[in-house]
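Visitor: A structural model of the following input is requested.
(6 chains)
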There are 6 protein chains.
Amino acid sequence: MKVVVSIGGSVLMPEPGSERVSKHAAVVEDLVAEGCRVGCVVGGGGVAREYIGAARTLGANEIELDQIGIDVTRLNSRLLIAALGEDSVTAPAHDYEEAGEALRRDGLSVMGGVAPAQTTDAVSAALAEYVDADLLVYATSVPGVYSADPNEDEEATKFEELNAGELVDVIADLDMTAGASAPVDLLAAKIIQRSGMRTIVLDGTDPDRIARAVRSGSHEGTDVIP
Amino acid sequence: MKVVVSIGGSVLMPEPGSERVSKHAAVVEDLVAEGCRVGCVVGGGGVAREYIGAARTLGANEIELDQIGIDVTRLNSRLLIAALGEDSVTAPAHDYEEAGEALRRDGLSVMGGVAPAQTTDAVSAALAEYVDADLLVYATSVPGVYSADPNEDEEATKFEELNAGELVDVIADLDMTAGASAPVDLLAAKIIQRSGMRTIVLDGTDPDRIARAVRSGSHEGTDVIP
Amino acid sequence: MKVVVSIGGSVLMPEPGSERVSKHAAVVEDLVAEGCRVGCVVGGGGVAREYIGAARTLGANEIELDQIGIDVTRLNSRLLIAALGEDSVTAPAHDYEEAGEALRRDGLSVMGGVAPAQTTDAVSAALAEYVDADLLVYATSVPGVYSADPNEDEEATKFEELNAGELVDVIADLDMTAGASAPVDLLAAKIIQRSGMRTIVLDGTDPDRIARAVRSGSHEGTDVIP
Amino acid sequence: MKVVVSIGGSVLMPEPGSERVSKHAAVVEDLVAEGCRVGCVVGGGGVAREYIGAARTLGANEIELDQIGIDVTRLNSRLLIAALGEDSVTAPAHDYEEAGEALRRDGLSVMGGVAPAQTTDAVSAALAEYVDADLLVYATSVPGVYSADPNEDEEATKFEELNAGELVDVIADLDMTAGASAPVDLLAAKIIQRSGMRTIVLDGTDPDRIARAVRSGSHEGTDVIP
Amino acid sequence: MKVVVSIGGSVLMPEPGSERVSKHAAVVEDLVAEGCRVGCVVGGGGVAREYIGAARTLGANEIELDQIGIDVTRLNSRLLIAALGEDSVTAPAHDYEEAGEALRRDGLSVMGGVAPAQTTDAVSAALAEYVDADLLVYATSVPGVYSADPNEDEEATKFEELNAGELVDVIADLDMTAGASAPVDLLAAKIIQRSGMRTIVLDGTDPDRIARAVRSGSHEGTDVIP
Amino acid sequence: MKVVVSIGGSVLMPEPGSERVSKHAAVVEDLVAEGCRVGCVVGGGGVAREYIGAARTLGANEIELDQIGIDVTRLNSRLLIAALGEDSVTAPAHDYEEAGEALRRDGLSVMGGVAPAQTTDAVSAALAEYVDADLLVYATSVPGVYSADPNEDEEATKFEELNAGELVDVIADLDMTAGASAPVDLLAAKIIQRSGMRTIVLDGTDPDRIARAVRSGSHEGTDVIP
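Guide: Just a heads-up that it's a prediction; the model follows:
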């Protein structure tokens, strides 16, 4: 089985520290030991937000902010790599080809962002598409895809299951709502749609949920059916 | 004045040959000679479509197809570079930073695609945002932005002017319509929206229209007002 | 057994399409499955000629034309890669060391041109020399090495066998004849001569001929004996 | 005049934010506007310490920690670059040659770390040596070089002036004292010694002190006389 | 067992020729065949000294001299690689990550210098630290670590054993003595100290001594005990 | 005026030392100061021969030997760079595009070899073709092009002038003669022929002869007339 796991920066490191990273690494290693090929894509999280906030104040434009964000995702990737066993991954992959090659040779790859104007959400979907993954898991800080932003709208309900076209619609709607944020961005949703990949969006704060979803397909998040 | 010109592949080379390329190069050189800084982004056109069609039949996935498309955009960029004066551009830039540096040093840069899951439409908008361009011109094979795909719908009408939010809506709608194609893709439209950049979409088959739009702002395409 | 196969661009793709590529890929995969290590070098063919023709008209010099040609050979290499099984080759190698490393690790590598002033004919011979190949096969669009250009001279006869020194002489003579073209260029012939490598020049339009030559040494082309 | 300024990470950003960065950028730009060539080397500071602490807990070895530290210095460099005027520096230099080239072309370069087992203290001295700088300024969070660590030893006295050999001795002694930290590391001190470069170590929390030291040589830190 | 062997340039090639290189390669291959993972770091030796001498006369500064020295170490590395079996190492690694990756995949890597202001002594220690080597062997042209430079001081005595702190002290003292040269430089000694790696300094002119030290720990040089 | 000067390795450094390098650098700088754009290509000379001899004995194949030769040409290039004024060239260019860019920006570039199976003779001709040089000068250790190898044949006579086709013939003939060596190789001669570039082959042991040939066209070597 080939799986791409997108680990949000704030899921991996809610605050500076190593405990959560260590647990995520253990889950990844268990999956690899069971014969699963795992491509990890790590997000920027709170550190990225702080640097981007400072850079924006200093006059950086959006593309420069994206560059800074990419640097932070690679830094976070190095933490995950440090937590993995010593003979597994050397350094974050810079692009899809490097990641695909590592996955092919070692059954494991870790990467952050790739290019400006492309979030790690989209990178995850693109990597999954590139390596023809059987499953794409978004380990986010929310429990799944909602009809509205649950932080903004009390009546938001979580989807247990929706198809890729519906996912695109929901995300597009959230995009239009001021202040609302989606667990997966629109470009990612569109890649999921075109590739027809099975996708799960779940609360990744407990990494065991990722393992369970990969192993048995059972989880409490949202299933995106091709 | 700083301008980014997105030249569609089929606009630059409707068929194999050099005449159209030569005219586009002349326009770019004139603008540079007048003190304008010009960032060119070249698309893939018919050659890209042929290679992508063959590769899809051979089993390539979308990201691999994007890689092939990027290679073709760089090849097309080399043609434009060949047509430019010998002391201007050495080779296509690989990313925004290289392109920005060339624009800063020489007042002129040429690039194709940057990364998979990102069209040259989006690259153009991102480059314009990165270099804080005063104007972004899409030289396409259609005369502007329409309410629907003019090839599919007789009642499609061309917008003379719309704001960036409206552009996003129109493109998003076209995206939903089977078979319809938009002159600019959704990611590009969203970058235009967030950056608040003045943008013109025009028929670039006659390159002089690009020159006129840059010099005087007058054109027969569609104006996207920030 | 280690073999380098030079696949002319017009042999791989006589016209835009995927069928011929598919057959070549199948032959390469069969050989690898049988335990053969295969280094493929792909030429530029018709697409290269079209781009080079256009660029020459636009004023590009020979080295710039070579750069464009190299880009096309890499593009063609991607098509062959697309047709190979998904876990074999990631991307075209950029130089002999990358290709040699891929051959060592995976038993298979694909590359196009390397540097200006060096055709893929010469790259093939140099790669064969670099990896100490047992056999070098030129899959060309003519059936072998002739005493003169068969398209120009009715009395041209095909050599069944010649030694490397004779090959150099024949090619050098053809080089001197206006309008004549040789199936292998002079630099390649000299590398073959110095390395003492067994070389076969054959009509590669039917890829099975390559397979047969590699497996049994039997073919209807020209044998170059060290 | 050519000057290399080493800006400690915690000097540039005592806490997440942009104000201090902005002031440092203003000083650098003023100096460049006055005709000074300025090479900036940015340290890792608090963010580096946090990541390194986490990575150490996760089992990273010292070289891996250095890699992480280098990544943070480049991230911090991007903040300084964001604060500089838009047409000055594109991205952090990766090595001495890139930095030297930027200094030669634009009169300004920004870089972080270069290689493991080499602090940005040493990078600063090496860059100064490489570009034959007239002055090397260490903008640190302590007011100069002390006879002992002022945080550990009440009787520590600040040197107003010492020669390079004495600097090496003082740093070597501090190195031997458990818990003590020196404002400049030993490798840096030895490079300063061999190159015979004038060096100033000063409290850089107020960037104007850097400007004054560069312009007039007057400061309240420590002068290292060749 | 994982071992890093630092082979001094004048140990590998006391004069232009191939015999000594051949013997060193044979020892390395024997160790690898016995299941040992071997990281080789090759120094510059006499050729480096000649080029550096000439460049210094021509006005190069120390960092430029270091660049030249690094180039020579890579050239020497290629000789060692040429002497190794054909399917082992393709080219010298450029940095610790490349070397570590080669060691992980093939059990063997060869590299020269990495960055200016860092000798191959230090590179060897850093590589050993990076790959968590069990043993670091310095194959030098002197028989071990002495209390003083044996070429300068008749009473210099060789240490059979010393701990890492003592090694640092001895090297620091030698550093202070005009004209004296140490078998390992100070930065290397400090890396050895911090990493707590077992280290042997021995006369490498007979490569069999390296093999014996690795296999049985027995040698006539100096043991550095963590 | 744009000129490419090919400086043989044994011309630049007949033996280890700096005097000859210094004189060549002075000539290059004078030419640049007079407004001439100068592209230098440096050969491998005696050091290359020694390393290649050793590597051949160790079992390296011709392509590996070429790699080693290229490394030496870059090393020699660094010596020439060290002798040039400090603000001129940072490092040897790796390919034609880098060299062309340096020539365009700074009016001066230095490079060694580019790719295996391509001597610096050929690189010089290709660079001259790429930058559309007005003149190509081969500064060799023989006084010009001879009808035979003057070291082998007493009756060899020097050509004062010959056309490019004749040059190709002479070189091709020399190639066929066992033991004979030509001042310029066949690939170079063919590039000279196709590009129609004025070329001078002269004894470069006294660099002033290069300067005189560039300034006035007068020299005692061989003129190759397009």
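
Visitor: Longest helix in chain A, please.
Guide: The single longest helix within chain A, with elements called by DSSP state H, is helix A:62-83.

Visitor: For that one, what is the distance to the chain centroid?
Guide: For helix A:62-83, the gap between its own C-alpha mean and the chain's C-alpha mean amounts to 13 Å (C-alpha atoms, centre = their mean, to the nearest Å).

Visitor: Equivalent analysis for stretch A:132-147, please.
Guide: Using C-alpha atoms, centre = their mean, the offset of stretch A:132-147 from its chain centre is 8 Å.

Visitor: So it, near chain B or not?
Guide: Yes. Against chain B, stretch A:132-147 shows contacts by C-beta under 8 Å from any C-beta of the partner chain at residue A:132. In short, each C-beta sits where N, CA and C put it, glycine included.

Visitor: Distance of residue A:209 relative to residue E:171?
Guide: Distance, residue A:209 to residue E:171, by C-beta to C-beta, to the nearest Å: 53 Å.

Visitor: Just give the number of residues close to residue A:116.
Guide: Using other C-beta atoms under 10 Å in any protein chain shown, residue A:116 has 28 other residues around it.

Visitor: Same check on residue A:181?
Guide: Neighbour count for residue A:181, taken as other C-beta under 10 Å: 12.

Visitor: helix/strand/coil for the residue nearest to residue A:70 when sequence neighbours are not counted?
Guide: Leaving aside its sequence neighbours, residue A:70 sits nearest to residue A:113 (C-beta to C-beta, 6 or more residues apart in numbering or on different chains; 3.6 Å). Three-state assignment for residue A:113 (DSSP: H, G, I helix; E, B strand; the rest coil): coil.

Visitor: mind listing what's buried in stretch A:128-145?
Guide: A:128-131, A:133, A:135-140, A:142-145 (16 or more other C-beta atoms under 10 Å in any protein chain shown).

Visitor: can you give me phi and psi for residue A:13?
Guide: Backbone geometry at residue A:13, expressed as degrees, to the nearest 10, gives phi -140, psi 80.

Visitor: Which residues are in contact with it?
Guide: For residue A:13, the contacting residues are A:20-21, A:45-47, A:76, A:79, D:54, by C-beta atoms under 8 Å, 6 or more residues apart in numbering or on different chains.

Visitor: let's go with 10 Å and repeat that
Guide: Residues in contact with residue A:13 (C-beta atoms under 10 Å, 6 or more residues apart in numbering or on different chains) are A:7, A:19-21, A:24, A:42-43, A:45-47, A:76, A:79-80, D:50-51, D:54.

Visitor: same deal with residue A:170?
Guide: By C-beta under 10 Å, 6+ apart, residue A:170 lies in contact with A:145-148, A:159, A:162, A:182-184, A:189, A:222.

Visitor: Could you identify the most distant pair in these?
Guide: Within the contacts of residue A:170, A:148 and A:189 form the most distant pair, 15.9 Å apart (C-beta to C-beta).

Visitor: Show me which of the two is the more surrounded one.
Guide: Set residue A:148 next to residue A:189 and count neighbours by other C-beta under 10 Å: residue A:189 wins out with 27 against 16.

Visitor: Assign the more buried one to helix, strand or coil.
Guide: State at residue A:189, reduced to three classes by three-state DSSP: helix.

Visitor: near chain F, which residues of chain A show up?
Guide: Residues of chain A found near chain F (C-beta under 10 Å from any C-beta of the partner chain): none.

Visitor: give me the residue from chain A nearest chain E.
Guide: residue A:90 (4.8 Å; C-beta to the nearest C-beta).

Visitor: Look at that residue and tell me its secondary structure.
Guide: Quick answer, by three-state DSSP: residue A:90 is coil.

Visitor: so it makes contact with residue E:104?
Guide: Yes. Residue A:90 is in contact with residue E:104 according to C-beta atoms under 10 Å; the separation is 7.4 Å.

Visitor: what's the angle from the longest helix of chain A to helix D:62-83?
Guide: Helix A:62-83 and helix D:62-83 are oriented at 170 degrees to each other (axes from the mean of the first three to the mean of the last three C-alpha atoms, to 10 degrees).

Visitor: just checking, next helix/strand downstream of helix A:62-83?
Guide: Remark: after helix A:62-83, the chain's next helix or strand is helix A:96-106, criterion DSSP states H and E.

Visitor: circling back: now restrict the contacts of residue A:13 to buried residues only.
Guide: Here, 16+ other C-beta under 10 Å leaves A:7, A:20-21, A:24, A:42-43, A:45, A:47, A:76, A:79-80, D:50-51, D:54 buried among the contacts of residue A:13.

Visitor: and the two most separated of those?
Guide: Pairwise distances among these were taken by C-beta to C-beta; the largest, 18.7 Å, belongs to A:7 and D:50.

Visitor: Check chain A for the residue nearest chain F and tell me.
Guide: For chain A, C-beta to the nearest C-beta, closest residue to chain F: residue A:94, 19.8 Å.
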